[in-house]
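Engineer: Sequence first, then the predicted structure, then my questions.
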2 protein chains.
Amino acid sequence: MIPTEVIERKREGRPVPGADLEAFLQAYLRGDVPDYQMSAFLMAVCFRGLEGGETATLVRTMLHSGEVLDLSDLPGARIDKHSTGGVGDKVSLVLAPLAAAMGMFVPMMAGRGLGHTTGTLDKLEAIPGFRTDLGLDEFRAVVSRVGCAIIGQTSEIAPLDRRLYALRDVTGTVSSIPLIAASIMSKKLAEGLDGLLLDVKVGEGAFIPEEERALDLARLMVEIASERGLKACALLTAMDRPLGVALGNGLETAEAIRCLQGGGPSDLRELVLVEATEMLLLADGTGDPHRARHIAESKLDGGQALERFTRMVEAQGGDATIVDHPDRLRTAPSLAEVRAEADGVVIGVSARLLGDGIVRLGGGRSKLEQTVDPGVGFEVHASTGVRVARGDLLGVVHARDPGAAAMGSDLLRRALLIERGGTPVTRSLVSHRIHSDGSERLL
Amino acid sequence: MIPTEVIERKREGRPVPGADLEAFLQAYLRGDVPDYQMSAFLMAVCFRGLEGGETATLVRTMLHSGEVLDLSDLPGARIDKHSTGGVGDKVSLVLAPLAAAMGMFVPMMAGRGLGHTTGTLDKLEAIPGFRTDLGLDEFRAVVSRVGCAIIGQTSEIAPLDRRLYALRDVTGTVSSIPLIAASIMSKKLAEGLDGLLLDVKVGEGAFIPEEERALDLARLMVEIASERGLKACALLTAMDRPLGVALGNGLETAEAIRCLQGGGPSDLRELVLVEATEMLLLADGTGDPHRARHIAESKLDGGQALERFTRMVEAQGGDATIVDHPDRLRTAPSLAEVRAEADGVVIGVSARLLGDGIVRLGGGRSKLEQTVDPGVGFEVHASTGVRVARGDLLGVVHARDPGAAAMGSDLLRRALLIERGGTPVTRSLVSHRIHSDGSERLL
């Protein structure tokens, strides 16, 4: 294997033989291929893509560069969910304990927020004491005892993916569908799962806004899962507006707790129930969707999901009394209300602007090493299609100080498109379903 | 300027603002932009190209990263020639002293052979004692005294180009027309010229075999020159077969000396005269092509060009007696004749195969740091279109030992396409002329 030949083949759009690609990746891991050769290769991949066999080689090499969990001794199906990330997406905080309450085991490795999207780990860390850095043995023990645990990707898992991701992040080579799919799947395959639900966000607030590209990503991830014998289901879900009312880490955790108590915004609850239903169907191949949905509703409304959440928080070192006092997560000192200046109809709520707004308030990151303020964010009470009258409350800004609150108010106002008339166009909450059983349908 | 934004803009095909591109390049020079970001950018350029303004910024930044010669005190026009390189291309060795004999000053910085093409420096270094590493002051002094000097690119000239070229060489990003054009032109602009002749080779033995791409390169280099006030003329010349009879460093130098003596192969002599004519026209804007050609012929046949060559060799430390004994450059111990096995017509002579053959004989490089054997190579007496009879001499291999000679014979045989009948198709020696006066014509 000659590194420049591998790079040139990819640049010219000729397939790279599997043995050469694997040797190239292994040489990179050993340090024999330097970062500057890998980044040139990754950029060529951004233009040329990867062929099926190349993607499989990349996934396999990333997966086996680290440990693969063996959870085969757990007395139930191991099912996880991965979201490509969006604004207000706190589904994992509800879904993991709900799935556990439904009898599944959920060994979830989640990520941090970056750019305009927030991350599950940051939301959980808004709970005082919550540890997302459990070692693999401790992680396995919590999953076994509670049914679910949520931690960050440890250094033992897919180290090649970590290095490639860090390099992509600084070389403008993040947004390549096969690289994204391989990165996600190498980590999820390392969790030793029986089934995987993929929530692929689509719309301006999503990491991949365009429907066609989001569909490509969904199909490719399901294909990668199938090839490695993992059952998978991908849903395309709406990120043309934020999910739920609360945006910002602590505020979202509080909203997730309200959902676990049977309340919370209807879109959040609906998405949780749809995803929980699909997870149960993955766990039990013979299942009936109506029965699965019924079980999900009963475990959410019956308090069993909340009980699992509480136990998970305790097991991961967090202050479980937060469950009874979620308002303690509202820690920002400066609040500012935003009210309608005229009568009108909400035509749109910009998830992208609000996501960027959280970063500006200090609740998100533009670089991975930054820390976040868990208290800041937005409550967005105006939702698309709703008629508002002058003076109605549209939203509340949670900020560190009055200056930031004023900036946030201005930003929130710009994120809300309110007109005298007009018909809002929004995506349906769940639009496509792609399954490793080969089915693909519009919902 | 945020490096990843510069890279992403290029990846997405959006123009990079001049100030950002310059800051990106300067940061690379300072070490603030690492190689892995630059190589990703260069790969994106391979796919997206550079816009006119971007190319100008790259050329300007490379040029001013080092010294720019000031030869304005010389009493005559400073004219140089650059060839994109081919097999058997020893034109510079004849042309530089010929142009000097015609009254021009030729401050030529040339390159080494790489891959299947040989380099002017390696050919000159076949002369015992010849130094191509003169410092800039010594270089200037020889040009002033003799009228011409030929050295390698010194570290003071366009250091940014040197670093980028070295990086491109190991990251599969060499073959991008704007990067090639900018690299060549930044070095030529640093020579402080009044006029530049560009010999862009085209055909299978050229660095860029395809006519359309070669034309793009020629046009872009002339455009870059024009923008910076340098008169330039680009000729597309044939490299679908080798130039001349001798291939290999010392053999080519001997052939160049024969040409300087008024002899040598007709294609070499013709190309030298065409190029010398164009150089004189660049030096004297009012010139008449017929008169210029006449001057070139008289200086070549009258011995004045040879006299300049001899003085240049002396001034650069070389053994000038070589001029009277060019056969002393035939140093390879093992010779092997290749003769026709049947009657036929020479349909083609593969420049590419013979160029690779020189590398295999030890007379070329696959990596820049390798040394070359000046004695080895081929004499190819068969030329396209010629009828040969069984037993006729087709060529001679010059090798280090009998084994290499046998290998070379086999290779030479494969490089010659001889058929019973058939019509050979060859490019005309000079096919296109593109001038900074705006004219472009087929020849």
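Structural biologist: Ah, there it is. Quantities reported herein were computed from a predicted structural model and do not represent experimental measurements. Residues are numbered from 1 along each chain as shown, chains lettered A, B, ... in the order given.
Engineer: Quick check: residue A:20 touching residue A:1?
Structural biologist: Yes. At 4.7 Å, residue A:20 counts as touching residue A:1 under the criterion of C-beta atoms under 8 Å. C-beta here means a position set from N, CA and C on the backbone, and glycine is covered the same way.
Engineer: which bits of the stretch 151-300 of chain A sit near chain B?
Structural biologist: Contacts of the stretch 151-300 of chain A with chain B, taken as C-beta under 8 Å from any C-beta of the partner chain, map to A:167, A:169-173.
Engineer: So which of these belong to helices?
Structural biologist: Judged by DSSP state H, helices contain the following of these: A:167, A:169-170.
Engineer: ChimeraX command for the buried members of those?
Structural biologist: In ChimeraX syntax, the buried subset of these is picked out as below (16 or more other C-beta atoms under 10 Å in any protein chain shown):
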select /A:167,170
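Engineer: Spell out whether stretch A:360-367 and chain B are in contact.
Structural biologist: No. On the criterion C-beta under 8 Å from any C-beta, stretch A:360-367 is out of touch with chain B, staying 9.8 Å away.
Engineer: Identify each buried residue in that stretch, please.
Structural biologist: For stretch A:360-367, burial by neighbour count (16+ other C-beta under 10 Å) applies to A:361-365.
Engineer: So which of those residues is the closest to chain B?
Structural biologist: Ranked by distance to chain B (C-beta to the nearest C-beta), these are led by residue A:365 at 14.4 Å.
Engineer: which SS class is the closest one?
Structural biologist: When classified by DSSP: H, G, I helix; E, B strand; the rest coil, residue A:365 comes out as coil.
Engineer: how close does the closest residue to chain B within the stretch 151-300 of chain A sit to residue B:47?
Structural biologist: Here the stretch 151-300 of chain A gets closest to chain B at one residue, residue A:172, 3.3 Å apart by C-beta to the nearest C-beta. Residue A:172 sits at a distance of 12 Å from residue B:47 (criterion: C-beta to C-beta, to the nearest Å).
Engineer: show me where pLDDT drops low in chain A?
Structural biologist: The model of chain A has no residue with pLDDT under 70.
Engineer: all strands of it, in order?
Structural biologist: A:79-83, A:106-110, A:148-152, A:195-202, A:231-238, A:246-247, A:334-339, A:344-349, A:377-380, A:387-388, A:393-399, A:416-419, A:430-435, A:440-442 (DSSP state E).
Engineer: and the direction of the third one versus that of strand A:106-110, what angle?
Structural biologist: Counting by axes from the mean of the first three to the mean of the last three C-alpha atoms, to 10 degrees, strand A:148-152 points 20 degrees away from the direction of strand A:106-110.
Engineer: still on that earlier bit, turn the ones in helices among the residues of the stretch 151-300 of chain A next to chain B into CSV, columns for distance to residue B:354.
Structural biologist: What follows is those, written out as CSV (distance: C-beta to C-beta, whole Å):
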residue, distance to residue B:354
A:167, 41
A:169, 47
A:170, 44
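Engineer: between the ones in helices among the residues of the stretch 151-300 of chain A next to chain B, which is nearest residue A:418?
Structural biologist: residue A:169 (36.6 Å; C-beta to C-beta).
Engineer: Residue A:368 is in contact with that closest one, correct?
Structural biologist: Yes. Using C-beta under 8 Å, residue A:169 is in contact with residue A:368, at 7.0 Å.
Engineer: Walk me through the domains of chain A.
Structural biologist: Using automatic domain parsing, the domain ranges for chain A come out as A:3-49, A:79-325+A:429-434, A:331-419.
Engineer: Quickly compare the ones you listed and say which is most buried.
Structural biologist: domain A:79-325+A:429-434 (a mean of 22; mean count of other C-beta atoms under 10 Å in any protein chain shown).
Engineer: Straight-line length of that domain, end to end?
Structural biologist: 17 Å (C-alpha to C-alpha, to the nearest Å).
Engineer: Not counting sequence-adjacent ones, nearest residue to residue A:35?
Structural biologist: In this structure, residue A:35 finds its nearest non-sequential neighbour in residue B:36, 3.8 Å apart by C-beta to C-beta, 6 or more residues apart in numbering or on different chains.
Engineer: Pretty sure residue A:36 is one of the things that neighbour touches, is it not?
Structural biologist: Yes. Applying C-beta under 8 Å as the test, residue B:36 and residue A:36 come out as touching, 4.5 Å apart.
Engineer: For chain B, what's the nearest residue on the stretch 301-443 of chain A?
Structural biologist: Using C-beta to the nearest C-beta, the closest approach of the stretch 301-443 of chain A to chain B is made by residue A:366 at 9.8 Å.
Engineer: What parts of the stretch 1-150 of chain A come near chain B?
Structural biologist: A:3-5, A:7-8, A:10-11, A:34-44, A:46-47.
Engineer: contacting residues around residue A:430?
Structural biologist: Contact partners of residue A:430, counting by C-beta atoms under 8 Å, 6 or more residues apart in numbering or on different chains, are A:235-238, A:271, A:274, A:443.
Engineer: how far away is it from residue B:146?
Structural biologist: 81 Å.
Engineer: Could you do residue A:256 as well?
Structural biologist: Counting by C-beta to C-beta, the gap from residue A:256 to residue B:146 is 83 Å.
Engineer: Pull the contacting residues for the spatially closest residue to residue A:117 that is not a sequence neighbour.
Structural biologist: Leaving aside its sequence neighbours, residue A:117 sits nearest to residue A:85 (C-beta to C-beta, 6+ apart; 4.0 Å). Neighbouring residues of residue A:85 by C-beta under 8 Å, 6+ apart: A:111, A:113, A:117-119, A:201, A:206-207.
Engineer: mind redoing it with 10 Å?
Structural biologist: A:110-111, A:113-120, A:199-201, A:205-208, A:239, A:355 (C-beta atoms under 10 Å, 6 or more residues apart in numbering or on different chains).
Engineer: for residue A:383, same thing?
Structural biologist: A:241-242, A:244-245, A:265-267, A:346, A:349, A:394, A:416, A:424, A:426.
Engineer: What ranges does the stretch 101-250 of chain A have for its helices?
Structural biologist: Counting by DSSP state H, counting those that start in this stretch, residue ranges of the helices within the stretch 101-250 of chain A are A:120-124, A:136-146, A:159-170, A:177-189, A:211-227, A:249-260.
Engineer: With respect to residue B:54, which of those lies nearest?
Structural biologist: Nearest to residue B:54, of the helices of the stretch 101-250 of chain A and by C-beta to C-beta, is helix A:159-170 at 21.5 Å.
Engineer: Check which helices and strands that closest one sits against.
Structural biologist: helix A:18-30, helix A:35-48, helix A:52-63, helix A:177-189, helix B:3-12, helix B:35-48 (3 or more C-beta pairs under 10 Å, 6 or more residues apart in numbering or on different chains; DSSP states H and E).
Engineer: Tabulate the CA atom coordinates of it in PDB.
Structural biologist: Output in PDB follows, covering the C-alpha atoms of helix A:159-170 (Å, rounded to 0.1, in the frame of the first residue of the first chain):
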ATOM      1  CA  PRO A 159     -10.300   5.200  18.800                       C
ATOM      2  CA  LEU A 160      -9.800   5.400  15.100                       C
ATOM      3  CA  ASP A 161     -13.200   7.100  14.800                       C
ATOM      4  CA  ARG A 162     -12.200   9.600  17.500                       C
ATOM      5  CA  ARG A 163      -9.000  10.500  15.700                       C
ATOM      6  CA  LEU A 164     -10.700  10.800  12.400                       C
ATOM      7  CA  TYR A 165     -13.500  12.900  13.800                       C
ATOM      8  CA  ALA A 166     -11.100  15.300  15.500                       C
ATOM      9  CA  LEU A 167      -9.200  15.600  12.200                       C
ATOM     10  CA  ARG A 168     -12.400  16.100  10.100                       C
ATOM     11  CA  ASP A 169     -13.500  18.800  12.600                       C
ATOM     12  CA  VAL A 170     -10.500  21.000  11.800                       C
END
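Engineer: Nothing else from me, thank you.
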